[in-house]
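Engineer: here is a sequence with its predicted model. Questions after.
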Amino acid sequence: MGALRPREERLTAGMLIMVLAVTCFTGIDTSAKWLSNYGMPVMQIVFARYAMHFLLSVVFFVPQEGLSAFKSNVPKKQLLRSTALLVGTFLNFLALSYLPLSLTISIAFATPIVVTLLAIPLLGEQVGLRRVIAVCVGFIGVLVVVQPWGAGFHPAVFISLCTLFAASFYYVMTRMIAGEERNSTMQLWSSGLATAAMLPLALQHWIWPHDVTGWIVFFAIGTFGMTGHVFATTAHRWADASVLSPMIYTQLVSATLAGIVVFGTWPTIWTLIGAIIIIGSGLYIWNRERTKKGQTPD
């Protein structure tokens, strides 16, 4: 049986690995958007994302830990976390079938604000006023990038907002059980439950990829999922959720590159201005946490 790893205080390492996690999340969203444009149903895309994740988790963890890897120490919390991830993924992929990648990701950038607020009652974390202000400033930078007031409104925005709350709850639950549950169990539960739930729905309107690129993206989406969530789980074992959540802002870089390479969307001057605001906010939070650790919250 694999050893249960307790929470650790490794702030810088946790933040860096969270950056890798959100880069993988950009890979998930980009793959989902591409497969939607390819003509694949949302249910099948969600299934593909989790089936490959589950397969890789079984291959990676079970030979090392045996079937005990499936045993949860906190099954109710694990079920809540897994459900939140599945609901968030489904709603996100559904929104991506109607909205541009840049818009859905910009809404997701509000996650640090929601996580920061949820971490106070659910995790008992102490979040100072300056950190809250810094997170909000970062979100202002996102608004500068996207300029939502200049875009036509689409009802699917509400779907993306629901995604935001589901994802925020997932991050909080990940931090809550990080010291109680093994990484292997988290990955097997979240991907296994989603795979089982989505299989009958995906089979109803199944479409096979009809070229090499389609097959590559079909398998890549789950690989991004497994890798990203292993990184995210590890990061939440090393640092507080309210500290890690601003790292989602770095997704601006990977999303911009994905937009250019995959969808032919180039950044504007507003993207560059907003990026400066967002990066400044993230660096401020990192510096405040590093210098104030163990003291009264800022």
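Structural biologist: Thanks, I have it.
Engineer: how about the helix or strand containing Gly88 as CSV, C-alpha atoms only?
Structural biologist: Using DSSP states H and E, Gly88 sits within helix 75-96. Below are the C-alpha coordinates for helix 75-96, written out as CSV (Å, rounded to 0.1, in the frame of the first residue of the first chain):
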residue,chain,number,x,y,z
PRO,A,75,-14.9,8.5,0.6
LYS,A,76,-17.6,11.2,1.1
LYS,A,77,-15.2,14.0,0.5
GLN,A,78,-13.6,12.1,-2.4
LEU,A,79,-17.0,11.7,-3.9
LEU,A,80,-17.8,15.4,-3.6
ARG,A,81,-14.4,16.3,-5.1
SER,A,82,-14.8,13.9,-8.0
THR,A,83,-18.4,15.1,-8.7
ALA,A,84,-17.4,18.7,-8.7
LEU,A,85,-14.6,18.0,-11.2
LEU,A,86,-16.9,16.0,-13.5
VAL,A,87,-19.7,18.7,-13.4
GLY,A,88,-17.1,21.4,-14.0
THR,A,89,-15.6,19.5,-17.0
PHE,A,90,-18.9,18.8,-18.6
LEU,A,91,-20.1,22.4,-18.3
ASN,A,92,-16.8,23.8,-19.5
PHE,A,93,-16.8,21.6,-22.6
LEU,A,94,-20.4,22.5,-23.3
ALA,A,95,-19.6,26.2,-23.0
LEU,A,96,-16.6,25.7,-25.3
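Engineer: specify the local secondary structure of Arg237.
Structural biologist: Per DSSP: H, G, I helix; E, B strand; the rest coil, the secondary structure class of Arg237 is helix.
Engineer: which stretches of this structure form strands?
Structural biologist: In the chain, no strands are defined using DSSP state E.
Engineer: so what's the most centrally placed residue in it up against?
Structural biologist: In the chain, the centroid-proximal residue (C-alpha atoms, centre = their mean) is Phe25; its distance is 5.5 Å. Phe25 makes contact with Phe224, Gly228, Gln251, according to C-beta atoms under 8 Å, 6 or more residues apart in numbering. The way it works is simple: take the backbone N, C-alpha and C, and place the C-beta from them, glycine included.
Engineer: residues in contact with the residue nearest to the first one when sequence neighbours are not counted?
Structural biologist: Nearest non-adjacent residue to Phe224, counting by C-beta to C-beta, 6 or more residues apart in numbering: Gly27, 3.6 Å away. Taking C-beta under 8 Å, 6+ apart, we find Gly27 in contact with Ala220, Ile221, Phe224, Gly228, Ser254, Ala258.
Engineer: Trp266: which of these is nearest?
Structural biologist: Ala258 (12.1 Å; C-beta to C-beta).
Engineer: neighbours of that closest one, how many?
Structural biologist: 23 (other C-beta atoms under 10 Å).
Engineer: hmm, Leu101 and it touching each other?
Structural biologist: Yes: shown here, Ala258 and Leu101 form a contact pair, counting by C-beta atoms under 8 Å, at 7.0 Å.
Engineer: common neighbours of those two, please.
Structural biologist: Common neighbours of Ala258 and Leu101, using C-beta under 8 Å, 6+ apart, are Asp29, Thr30.
Engineer: list phi and psi for His210.
Structural biologist: The phi/psi pair for His210 (degrees, to the nearest 10) reads phi -110, psi 10.
Engineer: pLDDT weak spots in the protein?
Structural biologist: Along the chain, segments meeting pLDDT under 70 span 1-8, 127, 145-153, 241-242, 267-268, 271, 285-286, 288-298.
Engineer: list the contacts of stretch 218-231.
Structural biologist: So stretch 218-231 is contacted by 17-18, 20-25, 27-28, 31-32, 35, 40, 45, 48-57, 60, 85, 183, 186-187, 190-191, 209 (C-beta under 8 Å, 6+ apart).
Engineer: select only the buried ones of those in PyMOL?
Structural biologist: One line in PyMOL is enough to select the buried ones among the contacts of stretch 218-231; burial here means 16 or more other C-beta atoms under 10 Å:
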select buried, resi 17+18+20+21+22+23+24+25+27+28+31+32+35+40+45+48+49+50+51+52+53+54+55+56+57+60+85+183+186+187+190+191+209
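Engineer: number of residues surrounding Leu79?
Structural biologist: Neighbours of Leu79 under the rule other C-beta under 10 Å: 15.
Engineer: separation between it and His229?
Structural biologist: 16 Å (C-beta to C-beta, to the nearest Å).
Engineer: would you mark the buried spots in stretch 187-197?
Structural biologist: For stretch 187-197, a neighbour-count test (16+ other C-beta under 10 Å) marks Gln187, Leu188, Trp189, Ser190, Ser191, Gly192, Leu193, Ala194, Thr195, Ala197 as buried.
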